[in-house]
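>>> I would like the atomic coordinates for the input below:
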Amino acid sequence: MIYDNSNVRRQNRLMPEDKAYQLLQEGEYGVMSMITPEGMPYGIPINYVWDGNDSLYIHCAPEGKKLRCLQSSPQVSFAIVGHTHVISGKFTTNYESIILTCHAQIGLTPEERMEALRLLVRKYAPSFQELGEKYAHGSFHRTEIIKLSILSFSGKCKNIPE
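Next up is the predicted model:
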């Protein structure tokens with residue numbers, strides 16, 4: 001996984017690498033952008049978890065539009081937006097965001113799928129680990145896991161005083 005800001009037009013807005021990894025870890029959701037089998041753009045907001053290495057995991061139903069898109073074209077863009085704040089009087093916005101280029105995989109092993117569900121529970125329901133484990137086992141047969149292997153990512157931010 002490569003953190004690469006070389007193609008960012010506004011070089012004065014680069015996000016430091018440590019902040020980019022922090023947003024990757026702590027972001028609440030991302031927007032996954034794909035191409036439909038018909039060649040049309042399709043983006044959806046979705047919860048995710050980072051494995052601390054080079055992959056994101058998301059969960060979904062075992063059939064649907066996003067899976068058809070990924071079967072047709074597994075290359076995706078994943079955007080995570082952190083804190084934003086509009087500064088009306090200065091006609092600008094403070095923001096932080098990262099954009100990841102990924103390769104999507106489905107059809108993971110049962111072990112990897114269950115570990116991804118555990119990571120999701122740890123991130124979104126840390127006080128309910130035991131209940132989350134039961135829920136994951138109970139819904140396992142109707143849950144697909146998508147692995148997004150991160151190829152590269154970049155980050156931008158703007159933080160000016162009000």
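>>> All the strands of the chain, residue numbers only.
For the chain, the strands defined by DSSP state E cover 2-3, 30-35, 41-46, 49-50, 55-60, 75-81, 85-87, 92-105, 144-158.
>>> what sits against residue 160?
87, 90, 92, 94 (CB atoms under 8 Å, 6 or more residues apart in numbering). C-beta coordinates here come from the backbone N, C-alpha and C atoms, glycine included.
>>> What's opposite the last one in the beta bridge?
In this entry, residue 94 is beta-bridged to residue 85, by DSSP bridges.
>>> about what we covered before: which members of the contacts of residue 160 are the farthest-apart pair?
Using CB to CB, the two most remote members of the contacts of residue 160 are 90 and 94, lying 9.7 Å apart.
>>> Neighbour count for those two, which is higher?
residue 94 (16 against 11; other CB atoms under 10 Å).
>>> Confirm for me that the more buried one is in contact with residue 81.
No. With contact defined as CB atoms under 8 Å, residue 94 does not count as touching residue 81 (11.9 Å).
>>> Taking the centroid of the protein, which residue is nearest it?
residue 30 (4.5 Å; CA atoms, centre = their mean).
>>> Beta-bridge partners for the closest residue to that residue other than its chain neighbours, please?
Ranked by CB to CB, 6 or more residues apart in numbering and with sequence neighbours excluded, the top spatial neighbour of residue 30 is residue 80, at 4.4 Å. Listed beta-bridge partners, residue 80: residue 98 (assigned using DSSP bridges).
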